[in-house]
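Colleague: Make a model of this:
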Amino acid sequence: MTLKWIRFGVGVAVAAAVVAGAPAAAAATSSSEAESTVVAAPIDCAPDAARPNPVIVLPGADGNTSQTSAQWSTMLTALRRTGACVLVFQGGVVDGQRWAGDMAESAGQLARYVDEVKARTHAAKVDIVAHSAGTFAANYYLKVLRGAPNVHDVVLLAPESRGCDGAGFLAQYGIPKLPVTPVQMLTAMPWLVPVLSQLMPNMRSALELTPASEVYHRVMDGRLTQPGVRYAVMATRRDAVATPPGTCSFIDEPGVTNVFYENVFPDGPAVDHSTLRSSPLTAQWVVDQLRR
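Modeller: Purely as a prediction, here's the structure:
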């Protein structure tokens, strides 16, 4: 990849970002300036001997808090049917959007909630089921905030881990395919991260999931998985957000279960990045992982 093409790609990206980000930058209060909040389920259930670990569900950023019940009803029903104490946690909420604030701050919100769940339920550990951006908050909590001793199982659906190129993410914002991938561009010119964060405040947390971000390196440098925690990852080959599919999501470390939905359910209905978490087949797979 020549420097000429990198510069060309940067020029196109910045131009597109300026156009797309103008309304957000002009807003009176941007998501980069607004204080993020938490939308968390009341801790009103108690685990039993058969299911001793409360299950904390972390939805992704593909929707807002008003859509959570509809998006997650299938998964929550399947988990609760097992008798588990299931609690939904949505952090970094800005204007109803999940995980829109600083990811480190959002992970801190999760840490406080886990502590509260353990204190209220008297559970020794919790399980975590996370999707998309919620998986990054989970991994930040486990590794950087040293939350691993509090967690038994982690099930990650369509996570953004290592190896992502960012092309699918950029397409969501109407920015056309470039001669270089967004990750290549941001890695070559990390100064673009604060520029784009200012121009497009709603992209801030997503930019923190790239190798150009210090937050990313805190989580992804060195070993990602933590001792004592069981990890399971499901991706879909039809993922147009966490791209390339599988490469972006799978954690290539000892002891991790990495599967494609299509391999586990070759005759199952098609799913994509978002609908993976709404599939009854995915829900049953998650239940099975927590029963291992």
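Colleague: measure stretch 179-193 end to end?
Modeller: Start to finish, the residues bounding stretch 179-193 are 19 Å apart (Cα to Cα, to the nearest Å).
Colleague: Where does pLDDT dip in the stretch 1-150 of the chain?
Modeller: Counting by pLDDT under 70, the stretch 1-150 of the chain shows low-confidence ranges at 1-34.
Colleague: mind redoing it with 50?
Modeller: Along the stretch 1-150 of the chain, the model assigns pLDDT under 50 to residues 1-32.
Colleague: At which residues are the strands of it located?
Modeller: Along the stretch 1-150 of the chain, counting by DSSP state E, counting those that start in this stretch, strands occupy 37-40, 55-58, 86-93, 126-131.
Colleague: Can you check which of the ones you listed gets nearest to Arg218?
Modeller: Of all the strands of the stretch 1-150 of the chain, it is strand 86-93 that lies closest to Arg218, at 16.1 Å by Cβ to Cβ. Every C-beta, even on glycine, is put in place using the N, C-alpha and C of the backbone.
Colleague: how about the CA coordinates for the closest one, as CSV?
Modeller: This file holds the C-alpha atoms of strand 86-93, laid out as CSV (Å, rounded to 0.1, in the frame of the first residue of the first chain):
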residue,chain,number,x,y,z
VAL,A,86,-30.9,-12.4,34.4
LEU,A,87,-30.2,-8.7,34.5
VAL,A,88,-29.8,-6.3,31.6
PHE,A,89,-27.1,-3.6,31.9
GLN,A,90,-26.7,-0.7,29.4
GLY,A,91,-23.8,1.6,30.0
GLY,A,92,-22.4,4.7,28.4
VAL,A,93,-25.9,5.8,27.5
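Colleague: so when I look at Ala242, I'm seeing a helix, right?
Modeller: No: going by DSSP: H, G, I helix; E, B strand; the rest coil, the assignment for Ala242 is coil, not a helix.
Colleague: For the residue nearest to it when sequence neighbours are not counted, grab phi and psi.
Modeller: Excluding the flanking residues, the one nearest Ala242 by Cβ to Cβ, 6 or more residues apart in numbering is Cys248, at 4.3 Å. For Cys248, the backbone dihedrals are phi -70, psi -30 (criterion: degrees, to the nearest 10).
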